[in-house]
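Novice: Below: sequence and its predicted model.
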Amino acid sequence: MDSSLQSKLASYTPAESAIDIIKSSKVLFLVGPTGAGKDSLKEVLLKTGKYHHIVSHTTRPPRINHGIPEVDGDDYHFINKDTAKKMIDEKAFIEAKVYSGNLYGTSVAEIQAAHNEGKIAMTDIEVQGVAEYKSIDPNVMAIFLLPPSFKVWQERLSRRYGDVVDVEDHKVRLETGLIELEQLLNTDYYIAVINDDLDTAANTVDQIVTNEKHVNPDEIKAISIAQELDKDIKDYLEQASS
């Protein structure tokens, strides 16, 4: 882990001007376990022309995903550690953290760009990031995307990662999904949406975001699905450890 980056971020707080930008902008975060369909949903929403994709900054090098190289400015803004330190000193981030030795952060410029375009700033994010943004502005929107059932979720994971899945990696994904679901069920940060059909889910999310009250008429059903997933994951992990 880069201790110099970590130490710079230990007491990091965004500038007041950055907080003002967040509070004066529409911001949407897509949350949910791996395989819930966040990336696919994001692509559908971007095609409407109403949304601006927040591209995060990172100090890690570009990767090749499924044979396709990551693109600077599209997948991430790839920066070196000196640039990252300079951006921290200049309060250029709204939030940033070090993970596996590399910095990941959201720049003020990305939110400002969405604001200038009159669009909704949108990205997928981890539950920890939602908590950080909610502490800045409780009005930021966080949609928690859910698979319709444990069975369908496992089928999606199998298609995504192949038939031969490392047992430990699969366990970690389930444990992470459980942590995320517990956040949904035990905080009021999220609006739950079931992703059974992608176009239907995208339409539901768009209606929630553009509706003044930001509510999902099927929220009760979605929470029920989340409770079932929570139980099914716990049962699966218990059986796997016995």
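Specialist: On my side now, so go ahead. Residues are numbered from 1 along each chain as shown.
Novice: so how far is stretch 133-148 from its chain's centroid?
Specialist: Distance of stretch 133-148 from its chain centroid, counting by C-alpha atoms, centre = their mean, to the nearest Å, is 9 Å.
Novice: correction: stretch 143-163
Specialist: The answer for stretch 143-163 is 16 Å, by C-alpha atoms, centre = their mean.
Novice: what's the answer for stretch 69-87, then?
Specialist: The answer for stretch 69-87 is 18 Å, by C-alpha atoms, centre = their mean.
Novice: Averaged pLDDT, that stretch. What do you get?
Specialist: Computed over stretch 69-87, the mean pLDDT rounds to 95.
Novice: Give the buried residues for it.
Specialist: Using 16 or more other C-beta atoms under 10 Å as the burial criterion, the residues of stretch 69-87 that qualify are D75, Y76, H77, F78, I79, A84, K85, M87. For the C-beta atoms, the positions are set from N, CA and C on the backbone; glycine is no exception.
Novice: How about K119: what's its closest non-neighbour residue?
Specialist: Leaving aside its chain neighbours, K119 sits nearest to H52 (4.1 Å; criterion: C-beta to C-beta, 6 or more residues apart in numbering).
Novice: What number of residues are in the vicinity of the closest residue to I54 other than its chain neighbours?
Specialist: Take I54 and drop its neighbours on the chain: the residue closest to it by C-beta to C-beta, 6+ apart is T123, 3.8 Å away. By the criterion of other C-beta atoms under 10 Å, T123 has 19 neighbours.
Novice: re the thing from before, who are the contact partners of the residue nearest to K119?
Specialist: Contacts for H52 (C-beta atoms under 8 Å, 6 or more residues apart in numbering) come out as E110, A113, A114, E117, K119, I120, A121, M122.
Novice: picking that back up, now the residue nearest to I54: how far from Y236?
Specialist: To Y236, T123 is 30 Å away according to C-beta to C-beta, to the nearest Å.
Novice: what's the span of stretch 5-22, first residue to last?
Specialist: 24 Å (C-alpha to C-alpha, to the nearest Å).
Novice: hmm, back to that, out of the buried residues of stretch 69-87, which are inside strands?
Specialist: Using DSSP state E, the members of the buried residues of stretch 69-87 that fall in strands are H77, F78.
Novice: And the buried residues of stretch 69-87, which is closest to R159?
Specialist: D75 (21.4 Å; C-beta to C-beta).
Novice: what sits against the closest one?
Specialist: Counting by C-beta under 8 Å, 6+ apart, D75 makes contact with V55, P62.
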